[in-house]
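*Asks:* structure for this input, please:
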Amino acid sequence: MFVGMAIVSAVGMMLDPTTPPGNRVILAVGFSSFWLVMASMSGYLIAACRREVWDVDRFRIVCRGLFRRMTMHLDAVLEAKWVCNAQGKITLKTRDQTLRISLETFEREDRLWLIRLVRDRIPEDRQTGWERFCGALAVPLTKPAADVVRPLKANEVRLSRARFDLYFGFLLACAVLIAVFALDHLEAHRRLAAPLAAVLSWLLIRFQIPKKGMIAPRMSFDWRRDRWFLALLVWSGVPLTLLFLHRGRESLELSALLIVEAIGWFAGFLLIAWRIDRIQAAERLARQQRAAMEWQDKMASRNVT
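*Replies:* You can find the predicted model right below:
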C-alpha cells in the first residue's frame, strides 16, 4: 500500500500543472521518499513479527527474533515488572539482561500459562505491579472470552454488529440531512464530508466487534458511586447560569463579583474532582484486592485438582 502511495505521489507531483516545473522533481522525490520510508518500517515490523519465536519452559525463556537471540533463566531474574497496557507486558531483569514480553503476541491460553509460570517461579518480593495487572488482565483471562456465546447475566448486555448498524444508520441519516441543508442553504460544500465521517466511524467500530457479538457490562446509575459525577455535571453549568444572570450589567462591582464567583467555582470544581478521584482510587483498590484473592483461589483449586 505504501509503495503504491509513493508511486501515486510521484506521478501526481510530476503531472501537477499548478506546480512550477523546477519544483516537481523535488516534491516528487520528497513525497515518494516519505512513503518508501513508511513501507520499509512496515516491512521490518512484519518480518520481525513473523520471525519472532518463543521457547518457554519452567526454567528458561528463549526469544529468537530477526536480529537477536536471548536466553533468560527464571532463577536468575532479579525483578519482574507487570505492565498493565492494552494486552499486557512482562519485563524481566537479571544482572546483565532485560527481556520484555508483550503478551499480545501469544494466544489467550498461552498468555494465561505464561502469567502463571512467571508468578509461580519468581519470588513475590521481586515482582512489582502485580495487583493492578491481576485485576485488569490476569483474572479476566481465567474467565470465558467476551465473544463466547453464553447466557447473559442480569448486569450484562450483548453488543452485536446489527445493533451498531442500527445506531450508525440513524447517525448517517442525520449526517446526510445536515450535509444537504448546509449545501442548499449555506452553500458549504465541505459539509458534504459529514456522511463520510459517519461511515468511517461506523466501519471502524463495526469490525472491532466479533461476528458472534461480545458481552459487555450494562450501564447503570449507582447513586453512591455516580452522585459526584452528577454534581460535577451540574457544577459545570454554573458559569453559564451566572453569565445569564449578569447579562447587560457592566460595572466595577460586577467585575469584582465575577472574579470572586470564578474563584469560588474553581475551588468547588477542584473539591468535586478530588472527591471523585478518591472514590475511584478506593474502588480500584477494592477491585485489585478482590482480583488477587480470586486469583489465589483459582490457583489453589487448580493445584488441588
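*Asks:* just the helices in the stretch 51-200 of the chain please.
*Replies:* 108-121, 130-133, 139-141, 161-181, 194-206 (DSSP state H, counting those that start in this stretch).
*Asks:* what's the angle from the last one to helix 161-181?
*Replies:* With axes from the mean of the first three to the mean of the last three CA atoms, to 10 degrees defining the directions, helix 194-206 sits at 170 degrees from helix 161-181.
*Asks:* against which helices or strands is helix 194-206 packed?
*Replies:* helix 161-181 (3 or more CB pairs under 8 Å, 6 or more residues apart in numbering; DSSP states H and E). Any C-beta I mention is one placed from the backbone N, CA and C, and that applies to glycine too.
*Asks:* give the other helices and strands that the helix it packs on contacts.
*Replies:* On a contact count with 3+ CB pairs under 8 Å, 6+ apart, helix 161-181 meets helix 194-206.
*Asks:* ok, residues contacting the helix it packs on?
*Replies:* 161, 164-165, 168, 171-172, 175-176, 178-179, 182 (CB atoms under 8 Å, 6 or more residues apart in numbering).
*Asks:* quick one: average confidence on stretch 38-55?
*Replies:* Average pLDDT, stretch 38-55: 72.
*Asks:* picking up where we left off before, of the contacts of helix 194-206, buried ones?
*Replies:* When the contacts of helix 194-206 are checked for burial by 16 or more other CB atoms under 10 Å, the buried set is 161, 164, 168, 171-172, 175, 178-179, 182.
*Asks:* ranking the helices of the stretch 51-200 of the chain by burial, who's on top?
*Replies:* helix 130-133 (a mean of 20; mean count of other CB atoms under 10 Å).
*Asks:* give me the pLDDT value at Leu92.
*Replies:* For Leu92, pLDDT reads 91.
*Asks:* what's across from it in the sheet?
*Replies:* Ala80, Leu99 (DSSP bridges).
*Asks:* domain-wise, how is this protein divided?
*Replies:* 2-50, 53-141, 221-305 (automatic domain parsing).
*Asks:* quick one on the thing from earlier: I'd like the helices of the stretch 51-200 of the chain as TSV, with distance to Gly65 appended.
*Replies:* Below are those laid out as TSV (distance: least, CB to CB, whole Å):
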stretch	distance to Gly65
helix 108-121	17
helix 130-133	24
helix 139-141	25
helix 161-181	37
helix 194-206	31
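*Asks:* could I get the buried ones among the contacts of helix 194-206 as TSV with distance to Arg218 and pLDDT?
*Replies:* Below are the buried ones among the contacts of helix 194-206 laid out as TSV (distance: CB to CB, whole Å; pLDDT from 0 to 100):
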residue	distance to Arg218	pLDDT
Arg161	19	80
Phe164	16	77
Phe168	21	80
Leu171	22	78
Leu172	26	78
Ala175	28	75
Ile178	31	74
Ala179	34	72
Ala182	37	67
